[in-house]
Each structure stands twice: as C-alpha cells, then as structure tokens.
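1. got a structure for you, letters missing:
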C-alpha cells in the first residue's frame, strides 16, 4: 500500500468525522430508538480499566467478581472497582489475561445480579470520561477507601539445549481514597514491581545474573466534584483525556464548559524510563479540547483534539497533534478512530523532509447485523517516529516505512450456546513484505454441565520467513460456585526457511475465590517435542477492598 493512499484515506475519514461532529452540534442531542440490552457485556477496554454496561441499578458493587462466559477468553475474571448507576469500571484478574469489547459476562460469586429492564447499555468503544471513576458519580461518602493488592510468582524451567531458566516474583497494588474529608479531593496510588532472576548455562558467555525491575506508575491527588466543572491533578499522574502524553511528574487542569465541551492543559517531566525515578531531563506538555454530544442510551459522538510536545534538555524531541473520535449507535454500531500528525521543526524537519508527517492512524468498527451475528473491521497504519534517542541515527538505519494492515472478523451463533468466530488479516511491512494470518474458533457453553465451557481454535500465520499453525483446545469447568479448573492443550507447528520446529503443550489451571474479595490462582504449562522443551508455572494471590 502506498503512503499516498494511506494519507488520502486518513484525510477522508477525518473529514467525514469532522462533518459528523458539526452536524451533531448543530442538530442537538442525538437520538435513537434501539432498546437497551440486559446482558452483561464489556463495552470498552483501556490500559486502566475494563468498562461494562451494568452498574448500581443491576445490583453491582465494588469487589463483585464477574467472569467471561464464552469464547476463547471464557473464564477470565474481572473485579468491579468503581460503580455508577448504569456502568462499572473493572480490573482484570490474572497476569496476561485479556478481554475484548462485547465479551459476555456472568457473576462468579454467590451475590445475585438481577437484570433490570431499566438497565441502559453503555455502547463501546466509548469509555466514561474519567478512568476508572465516571464523572458525576464520585461517591458522596467521606474517605471512601478501595483498591487491591496482588502477589504473583512465575517460573520457567528450561529442559532444552539453551538452558535459560528464569523466575519472577511480583507485586502490584492500587489504593484510592475518594472524597477525602468531604473535600472532593481523591488520593490515588498504584505500584507495580517485578524482580527477574535469570539463570544461564555454565558455559554461556554471559554469567548468571539478577535483574530487578521496579515501576511506580501513579501517586497523585485529584480534585473534582459532581457540582464543579473543574478537575485538577497533582503528582505522578496520567490524564485519561490526553493520549500520548503518558505518566508525568507534574499535573493537569481541565474545565468543563457546559455539558458538551471541556478544555485542559497538562505539564511535567517524564520519569526515568529505566527505574521510574524522578528525572528532569525530559519535559512534556499538552493542551486539549473535547466535545461530547449525545448519550449512552441512544447515540453518542465524542471527539478530542490535543497538541502534545516532549523536550529533552531543551531540545525538541517530538511535537504532534492528536485527534480521536468515537461514535456509537445503541448496540448496533460502534466506531473508534485515532490519528497522530507530527509537527516537525528544528532538527526533526530536516530529518523528516517535511513540516508535517502522519505517524499513527487507527480505525476499528463493530456492526451488529442481528442478535446472532456481528462483524468487526479494523485498519491501522504506523510509522517510526524520530525523537531525541534517534537524533543522530543515520537514515539508512532508521526505517520510516509506513506499517499498515487490515483485519476483519465475523462472529455467528450456531445455536443458543454455540458460537463460531472467524477472523483474518494482513500486515504490510518493510520492503513490501507482508504477514497474513487467520483463525477459526468454535466455543460451546454448557458443554457437559451448565457451568462448563469448551473452545477449540485453529490459527495460521504466514510471515516472510516463517509459517505457523497453532491448534488449541481449552475446557473450563466450574466445580463449585467459587472454584474453577482449566484443562487445555495445543501446539505451535512452525516451519522457518524449510526447517520444522513443532512444539506441543498441555496445561492445568485452577482459580479459587474465598468470599468475594480474596482469590487464589495457579497454572502450569508443559512444552515438549521441540525447541521450547520447558515447564512454566504461575501462582497468584489477591485481595480487593
């Protein structure tokens, strides 16, 4: 795909979105007659939280536990962190576990969640305005304390020729105190720490050594009340409204103008990327303007435009404009688009060869054809971006190629409890090389018992030098209301430049909840038959409060 075609596509999409925003603001609130859904579903996923379409009116409360009911992610657990009337923000339990928009959820613990005919769906992929607490829903009680603490341990013992084994103990936690002393001020603290111990064989060039990774991701005070349009944050914080800025040691201020508009500014320094300590080398700043029209119950269109800049010891590292648009029509159609345009000056203009360059573009849509079928389509285009770390890198070593790709999927309910999903795509890379991939999965709920799930998937990928087939079968059984086990197996059948490397594995896992707040989980996966000959073990204990 040529860069000209990519740029034209982005211009057309952004222009169309701008027209839609103008029409929305001119016509007033958006309307639709689509009925609300009563099924618990994932509506939006961010780095901070997973949002669902159920809240207080459906009986949810912080600490409640939900699990994905079907598909390849069946059994993944979520813990409710914050709740509004019609939505909730959750965190994923388990290292490396993921969920996707439209995943169906069911409660795991004894608390019954009664469906409500007044429950309104929160169409994805548009999140609440603040992560993870929706605006206007900050708890009225003083000093409301909530959060979680997780301890985990991972181990890999290598039986193969490489002899590289490792172990990783880890800790993560989040503590939030809302409405401190009734002032509307909130305190947020989040920490993730992981220590890595890697063992090399005795004859290896590198000696046995220990690696330690520590990252402090958030320590901030945030002010914002339901009655005030002002939101202020100070400390090590992340603004959910300004993409691309990242965590900063500084703060941000935003102000709501009426019900639709909001403006804001953020600034500070970037923590040291190696150990997350305070550093003044890299400064960051941003301003943004957002428009939010419509409602979750009917149609909604939200747009944000921001200008962000980063500077290394006074030298421009990167400056770019960010544009984000999200549209939802009841539960029938959702679309999300993001675009970054780099503004090049000083040394960056000479390196890029122009004053403006398109660096990142992403578009994803989901269409519900009927209650049994849905389609999702996505397109992404990315370009390597120069910053202060590549200021002296020769052009011959710096790849400015646009990486673009298309992906599509179809999900279809064969029967009431059986679903078929197929997906595929193509990714274009350097020197016009491309990677093709596809997968086909069938999942069955209530396979043997009403609480059991079975899924089988076959994936295929064809890269420039490697072709891979990966069959996977997973069976999840709930032994009791708070006990779940997993049995699975699969393989990676690879051929690299005519050399075969076939690896197979089987795995066992168990999850145990103790009440609604304490959890234990463990799993083991044994690889055999190829270069991955090893065993990997994971154990985790957590508490939510």
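-> Here it is on my side, so go on. Given the structure is predicted, the values throughout are model-derived calculations rather than measurements.
2. For residue 407, which non-adjacent residue is spatially closest?
-> In space, and not counting its chain neighbours, residue 407 is closest to residue 425: 3.4 Å by CB to CB, 6 or more residues apart in numbering. C-beta here means a position set from N, CA and C on the backbone, and glycine is covered the same way.
3. which SS state does the one you found fall under?
-> Secondary structure for residue 425, judged by DSSP: H, G, I helix; E, B strand; the rest coil, is strand.
4. how close does it sit to residue 100?
-> Computed as CB to CB, to the nearest Å, the residue 425 to residue 100 distance reads 15 Å.
5. So which elements touch whichever helix or strand residue 436 is part of?
-> For residue 436, the host element (DSSP states H and E) is strand 434-445. Under the contact criterion of 3 or more CB pairs under 8 Å, 6 or more residues apart in numbering; DSSP states H and E, strand 434-445 touches strand 418-428, strand 453-462.
6. buried residues in the shortest one?
-> By 16 or more other CB atoms under 10 Å, the buried positions in strand 453-462 come out as 453, 454, 455, 456, 457, 459, 460, 461.
7. how about the residues you listed in JSON lines, adding pLDDT?
-> Formatted as JSON lines, those follow (pLDDT from 0 to 100):
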{"residue": "453", "pLDDT": "85"}
{"residue": "454", "pLDDT": "90"}
{"residue": "455", "pLDDT": "90"}
{"residue": "456", "pLDDT": "94"}
{"residue": "457", "pLDDT": "94"}
{"residue": "459", "pLDDT": "95"}
{"residue": "460", "pLDDT": "95"}
{"residue": "461", "pLDDT": "94"}
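8. So of those residues, which two are at opposite extremes in space?
-> 453 and 461 (25.6 Å; CB to CB).
9. on that earlier part again, including distance to residue 80, could the helices and strands packed on strand 434-445 go into a markdown table?
-> Listed next are those as a markdown table, based on distance: least, CB to CB, whole Å:
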| stretch | distance to residue 80 |
| --- | --- |
| strand 418-428 | 25 |
| strand 453-462 | 22 |
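10. thinking again about what came up before, which member of the buried residues of strand 453-462 is positioned nearest residue 267?
-> The shortest approach to residue 267 among the buried residues of strand 453-462 belongs to residue 461, at 42.8 Å (CB to CB).
11. Chain neighbours aside, what residue packs nearest to that closest one?
-> Counting by CB to CB, 6+ apart, the nearest residue to residue 461 once its immediate chain neighbours are dropped is residue 437, at 4.1 Å.
12. That neighbour against residue 459, yeah?
-> Yes - the pair residue 437 and residue 459 qualifies as a contact (CB atoms under 8 Å) at a distance of 7.2 Å.
13. what's the weakest-modelled helix or strand in this structure?
-> helix 3-27 (a mean of 44; mean pLDDT, DSSP states H and E).
14. residues contacting residue 371?
-> Neighbouring residues of residue 371 by CB atoms under 8 Å, 6 or more residues apart in numbering: residue 413.
15. and if you look at residue 217?
-> Residue 217 touches 190, 191, 192, 236, 238, 247, 276, counting by CB under 8 Å, 6+ apart.
16. Distance of the second one relative to residue 231?
-> Yep, that's residue 191 we're talking about. Here the criterion is CB to CB. By it, residue 191 lies 23 Å from residue 231.
17. Who has more neighbours out of those two?
-> Legend: neighbour count by other CB atoms under 10 Å for residue 191 and residue 231, higher for residue 231 (22 against 17).
18. ok, of the buried residues of strand 453-462, which one's closest to residue 363?
-> Using CB to CB, these come closest to residue 363 at residue 461, 22.5 Å.
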